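Enquirer: I would like the atomic coordinates for the input below:
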Amino acid sequence: MNSAELAGAIDGYELNVFVNCPFDDKYLALLRPLLFTIVYLGYRPRIASERSDSGENRLDKICELIRQSKFSIHDLSRLKAARARELYRMNMPFELGIDYGSRQHGPEFMRSKKCLILEKEAYDFKAALSDMSGVDIKSHRNKPEEVVRAVRDWFYETVGLREAPYPKVIWFLFNDFTTSLFEARLAEGIPENDVREDIARMPIPEYLNCAADWVAKHA
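Expert: Residues are numbered from 1 along each chain as shown. A predicted model of the protein is given here:
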């Protein structure tokens, strides 16, 4: 089996985007528009929280998702400790290293893998990982709209998606989708405060399905 056949044998490889990011509640405001942008542009986010199998080794799952994805987005904006005695969060740079290694040492078809590195500010990343100081990154300043811009612009510049709508368009559509999701829950008779909690705690696979359904109707 040649390189192209190997890549074709992986379900969705050409459209899969591995997302490496924090999973805390504060990051949710950035994660949701990030995932929506990927879905709206016609790609498929792959993320560790897409399934919960207590019998599955988390690191093995991450390596599998990386192997299955031609593209990846790594957000290192939570790398730095925020408080005294708080440890650095190394999961994200570790997963970036696995992804980089797969591109350098994996099968030939993986040599064309492409990745986006996100940071709050550009200098934070270069100071923390000086070995990759020559790598281009995009900063989002912890602003949801800037996440949309960074991801959309990367798809345009690096992936070659020349038909990608302007970032502001995708941002407005994300807000339309969020409103639609909220109103649909209200229409089911759920109290407003419960709707907010329900949506905030929605499992990632459910959120992605809702986004894909909405995009299919409105794209």
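Enquirer: okay, strands next: where are they in this structure?
Expert: Under the criterion DSSP state E, the chain contains strands at 16-20, 44-47, 71-75, 114-119, 138-139.
Enquirer: may I see those strands arranged in CSV, with distance to Phe94 and mean pLDDT as well?
Expert: Where you see a C-beta, it was placed from the backbone N, CA and C, and this is true even at glycine. Converted to CSV, the strands of the chain look like this (distance: least, CB to CB, whole Å; pLDDT from 0 to 100):
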stretch, distance to Phe94, mean pLDDT
strand 16-20, 9, 97
strand 44-47, 16, 96
strand 71-75, 10, 96
strand 114-119, 14, 94
strand 138-139, 21, 90
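Enquirer: number of nearby residues for Ser49?
Expert: By other CB atoms under 10 Å, 13 other residues sit near Ser49.
Enquirer: mind showing which ranges of the chain have poor pLDDT?
Expert: Within the chain, the segments meeting pLDDT under 70 span 1-9, 54-55, 80-89, 122-135.
Enquirer: rewinding a little: could I get the strands of the chain as JSON lines with distance to Ile10 and mean neighbour count?
Expert: Below are the strands of the chain laid out as JSON lines (distance: least, CB to CB, whole Å; neighbours: other CB atoms under 10 Å):
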{"stretch": "strand 16-20", "distance to Ile10": "8", "mean neighbour count": "24"}
{"stretch": "strand 44-47", "distance to Ile10": "11", "mean neighbour count": "21"}
{"stretch": "strand 71-75", "distance to Ile10": "13", "mean neighbour count": "24"}
{"stretch": "strand 114-119", "distance to Ile10": "16", "mean neighbour count": "21"}
{"stretch": "strand 138-139", "distance to Ile10": "27", "mean neighbour count": "18"}
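Enquirer: now render those strands as TSV, adding distance to Thr179.
Expert: Converted to TSV, these look like this (distance: least, CB to CB, whole Å):
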stretch	distance to Thr179
strand 16-20	24
strand 44-47	21
strand 71-75	25
strand 114-119	26
strand 138-139	27
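Enquirer: to Ile204, which of those lies closest?
Expert: For Ile204, the closest of the strands of the chain is strand 44-47, at 6.0 Å, according to CB to CB.
Enquirer: out of the strands of the chain, which comes closest to Gly189?
Expert: Smallest distance to Gly189 across the strands of the chain (CB to CB): 30.8 Å, for strand 44-47.
Enquirer: mind giving me the packing neighbours of that closest one?
Expert: Other elements packing on strand 44-47 under the criterion 3 or more CB pairs under 8 Å, 6 or more residues apart in numbering; DSSP states H and E are strand 16-20, helix 28-40.
Enquirer: what's in contact with the last one?
Expert: Contacts made with helix 28-40 from outside it, assessed by CB atoms under 8 Å, 6 or more residues apart in numbering, are listed as 17, 19, 21, 44-45, 47, 73, 75, 77, 140, 142, 144-145, 147-148, 151-152, 170-171, 173-174, 177-178, 200, 204, 207-208, 211-212, 215, 219.
Enquirer: quick check: Ile10 touching Leu65?
Expert: No: Ile10 is beyond contact range of Leu65, at 11.0 Å (criterion: CB atoms under 8 Å).
Enquirer: so for those two, which residue has more residues nearby?
Expert: Using other CB under 10 Å as the criterion, Ile10 and Leu65 rank with Leu65 on top: 22 against 14.
Enquirer: ok, now how distant is the closest residue in space to that one that isn't next to it in sequence from Val215?
Expert: Spatial nearest neighbour of Leu65, chain neighbours left out: Arg46 (4.6 Å); criterion: CB to CB, 6 or more residues apart in numbering. According to CB to CB, to the nearest Å, Arg46 stands 17 Å off from Val215.
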